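Peer 1: sequence-free structure coming up:
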């Protein structure tokens, strides 16, 4: 039996483009199809598979997604979601369109949609495992597999907000899909972020001191900063939460069981330290 078109995906049919020939997509018996005949399956989990050709290998695997779901459900990052939602709702009309690039499990996109009762959201990510969660994260959130480094499968100037939370960036595509009055919201770590964990788990990925300079250099041709908020607070952690916090990050790919075997290795309190900036298009 063909998969039905997910209700959250239907409003995006007027915005989505075929990633192969850039023509409009329509629903056809459990797939999205363009007039030329390129066809993309809708998974039974609710997301649409738009990626073609060589697939990226950097997306979250099943273990990382489970760790992310468990950790985010604790509310330890709720203050981050609140700031993302505020910066987005300040810029978007109530019935706007929000695109979350590198959406993961859809946690931040769902928080934004809660603040914009008439808005629709689309999450893009390379990880099909993560998109299984993202497609269920909110009743108005659709999800599709996509690689941030390729031209997005979206028409020009269709988004009121583009989210980039702990994700890679494609500034020229962000600018292309944003309306002239839209906003790009970028969240990234400072050097203090999770310092206690990084101090005790040597295999964790470090934060490049030049990260802010590189971000400014990449975005400056397309965007100017409208508002920046520093998010910094300490939060307690159980050992299980600390393991999930490590396990949901790119550091998980560099760790093995021996790195985390010592019961005394993980801190019971960490510093969350981030910068969240809303950018306006130039």
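Peer 2: It's in. Keep in mind that what you see is a predicted model, and the values were worked out from it rather than measured. Residues are numbered from 1 along each chain as shown.

Peer 1: Which parts of the stretch 101-250 of the chain are helices?
Peer 2: Counting by DSSP state H, counting those that start in this stretch, the stretch 101-250 of the chain has helices at residues 107-115, 128-134, 171-177, 195-200, 211-219, 239-247.

Peer 1: Now do the shortest one, average pLDDT.
Peer 2: Along helix 195-200, the predicted local confidence has a mean pLDDT of 88.

Peer 1: got the buried residues for it?
Peer 2: Of all the residues in helix 195-200, those buried under the rule 16 or more other CB atoms under 10 Å are 195-198. Glycine gets a C-beta too; all of them are placed from N, C-alpha and C.

Peer 1: mean pLDDT lowest for which of the helices of the stretch 101-250 of the chain?
Peer 2: When mean pLDDT is averaged over each of these, helix 195-200 scores lowest at a mean of 88.

Peer 1: Report all helices and strands that that helix contacts.
Peer 2: Secondary-structure packing of helix 195-200 (3 or more CB pairs under 8 Å, 6 or more residues apart in numbering; DSSP states H and E): helix 239-247, strand 269-281.

Peer 1: Put together TSV for these, with distance to residue 179 and mean neighbour count on each row.
Peer 2: What follows is those, written out as TSV (distance: least, CB to CB, whole Å; neighbours: other CB atoms under 10 Å):
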stretch	distance to residue 179	mean neighbour count
helix 239-247	36	20
strand 269-281	8	19
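
Peer 1: Columns distance to residue 221 on top of the buried residues of helix 195-200, output as TSV?
Peer 2: TSV is the format used below for those (distance: CB to CB, whole Å):
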residue	distance to residue 221
195	32
196	37
197	35
198	32
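
Peer 1: Nearest to residue 144 among those residues?
Peer 2: Proximity of these to residue 144 was ranked by CB to CB; the top entry is residue 197 with 32.2 Å.

Peer 1: before we move on, back to that, so which of the helices of the stretch 101-250 of the chain gets nearest residue 67?
Peer 2: helix 239-247 (3.6 Å).

Peer 1: Output the contacting helices and strands for that closest one.
Peer 2: Using 3+ CB pairs under 8 Å, 6+ apart as the contact test, the elements touching helix 239-247 are helix 62-72, helix 195-200.

Peer 1: Quick one: residues in contact with the last one.
Peer 2: Contacts of helix 195-200 with the rest of the structure, by CB atoms under 8 Å, 6 or more residues apart in numbering, involve 204, 206-207, 242, 245-246, 265-267, 269-271, 273.
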